[in-house]
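Dropping the sequence and predicted coords here.
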Amino acid sequence: MDLKNFHLVFIACAIALSFLVGAWVLGPSGLSGAPRALGGFAAFAAGSGLIVYEAWFLRYLRRPR
């Protein structure tokens, strides 16, 4: 596996992990109040940002050089 493919797989795993953490924090966990909501929405925002980054990276790879 070359470095480009590893990067794509690593970012995809980070996206999945951030959405899972967000779902865990906002779900029926032991956390409550504002830190719970802030942590959950921050995890979803990070996952969304990683999706945008991966889309940019894929377009960057397909550019003619």
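Yes, it's here. Residues are numbered from 1 along each chain as shown.

which stretches of the chain have low pLDDT?
29-31 (pLDDT under 70).

what about the helices in it?
3-26, 34-62 (DSSP state H).

Same list (these) but as CSV, adding mean neighbour count.
C-beta here means a position set from N, CA and C on the backbone, and glycine is covered the same way. CSV is the format used below for those (neighbours: other C-beta atoms under 10 Å):
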stretch, mean neighbour count
helix 3-26, 14
helix 34-62, 13
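
tell me the contacts of the closest residue to Tyr53 other than its chain neighbours?
Of all residues not flanking Tyr53 in the chain, Ile11 sits nearest, at 6.8 Å (C-beta to C-beta, 6 or more residues apart in numbering). Shown in contact with Ile11 (C-beta atoms under 8 Å, 6 or more residues apart in numbering): 50, 53-54, 57.

what would the residues you listed look like in JSON lines with distance to Leu20?
Listed next are these as JSON lines, based on distance: C-beta to C-beta, whole Å:
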{"residue": "Leu50", "distance to Leu20": "13"}
{"residue": "Tyr53", "distance to Leu20": "18"}
{"residue": "Glu54", "distance to Leu20": "17"}
{"residue": "Phe57", "distance to Leu20": "22"}
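
Looking at those residues, spot the one nearest Ser32.
Leu50 (27.2 Å; C-beta to C-beta).

Next one: the closest one from Pro35, what distance?
22 Å (C-beta to C-beta, to the nearest Å).

Which single one of the contacts of Ile11 is nearest to Phe6?
Out of these, the member with the shortest distance to Phe6 (by C-beta to C-beta) is Phe57, at 12.2 Å.

How about the contacts made by that closest one?
Per C-beta under 8 Å, 6+ apart, neighbours of Phe57: 7-8, 11.

let's see it at 10 Å
With contact taken as C-beta atoms under 10 Å, 6 or more residues apart in numbering, Phe57 is in contact with 4, 7-8, 11.

go on, His7?
Contacts of His7 (C-beta under 10 Å, 6+ apart): 1, 54, 57, 61.

got the phi/psi numbers for Arg63?
phi -70, psi 140 (degrees, to the nearest 10).

That one: neighbour count?
Arg63 has 6 neighbours, counted by other C-beta atoms under 10 Å.
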